[in-house]
Every structure is written in C-alpha cells, then in structure tokens.
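> Build me a model from this:
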Amino acid sequence: MLVTGGARGIGLAITRALICHGAKVHVFDLAPGDGEELYQFHKVDVADSARVNAAVARLPARKSLLGNNAGRT
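Reported below is the predicted structural model:
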C-alpha cells in the first residue's frame, strides 16, 4: 500500500489505520513524521512526476492501494 503525504496529519491517520489492519505501508512525503518505524518512508515530492515515477519503479512490488493524500495549500 502507498500513501502520499502519509507522514503527518490526515495522511498519518490513514497510514496508521492501514497498519492496524495488517498492511505494509510505503509513504511518499517530504519528511518523515511520527511513527516512522511503522512504515517505509520515501522522500518524494509528489509535485514532481518524474520523481514519483522513479520512486514507484523502486518499490519492491506492485501496490494494491493508493491513498492519494498529499496536497499543497
């Protein structure tokens, strides 16, 4: 499972809920947040599509769920 913006705020709540249900979660975010030991953190700026594509290609296996939470105000 992959959660963008999953290291803080609502994204972290999504990440934690998935982990509580037994999921192995990869997080794309700009900086690690609380509970980093629970998930696989990847420093990725999702505003850069080339970096997102490269990061997805490096993931160990195809992901079955995407929590597209990252955003900018």
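> Where is the longest helix in the protein?
Longest helix of the chain, by residue count under DSSP state H: helix 9-20.
> buried sites along that helix?
Of all the residues in helix 9-20, those buried under the rule 16 or more other C-beta atoms under 10 Å are 11-12, 14-16, 18. Just so you know, the C-beta spots here come from the backbone N, C-alpha and C atoms, and that holds for glycine as well.
> Please name every helix or strand in contact with the helix or strand that it is followed by.
Next helix or strand after helix 9-20 toward the C-terminus (DSSP states H and E): strand 26-29. Packing partners of strand 26-29 (3 or more C-beta pairs under 8 Å, 6 or more residues apart in numbering; DSSP states H and E): strand 2-4, helix 9-20, strand 40-43.
> For the second one, name the packing helices and strands.
Which is helix 9-20. The helices and strands touching helix 9-20, judged by 3+ C-beta pairs under 8 Å, 6+ apart, are strand 2-4, strand 26-29, strand 66-68.
> List of residues touching the second one?
Contacting residues not belonging to strand 26-29 are listed as 1-8, 11, 15, 39-44, 46, 52, 55, 59, 63, 70 [C-beta atoms under 8 Å, 6 or more residues apart in numbering].
> again with the first one
Here strand 2-4 makes contact (C-beta under 8 Å, 6+ apart) with 11, 14-15, 18, 25-29, 39, 44, 46, 56, 59, 63, 65-70.
> so how far is it off the chain centroid?
Chain-centre distance of strand 2-4: 3 Å, with C-alpha atoms, centre = their mean, to the nearest Å.
> Please identify the buried residues of it?
By 16+ other C-beta under 10 Å, the buried positions in strand 2-4 come out as 2-4.
> what separates Val3 from Lys24, distance-wise?
Distance check for Val3 against Lys24: by C-beta to C-beta, to the nearest Å, it reads 12 Å.
> Same question for Pro32.
Distance, Pro32 to Lys24, by C-beta to C-beta: 17 Å.
> what about this protein, any weak spots by pLDDT?
Low-confidence segments of the chain, defined by pLDDT under 70: 63, 72-73.
> Nearest to the spatial middle of it, which residue is it?
Val27 (1.9 Å; C-alpha atoms, centre = their mean).
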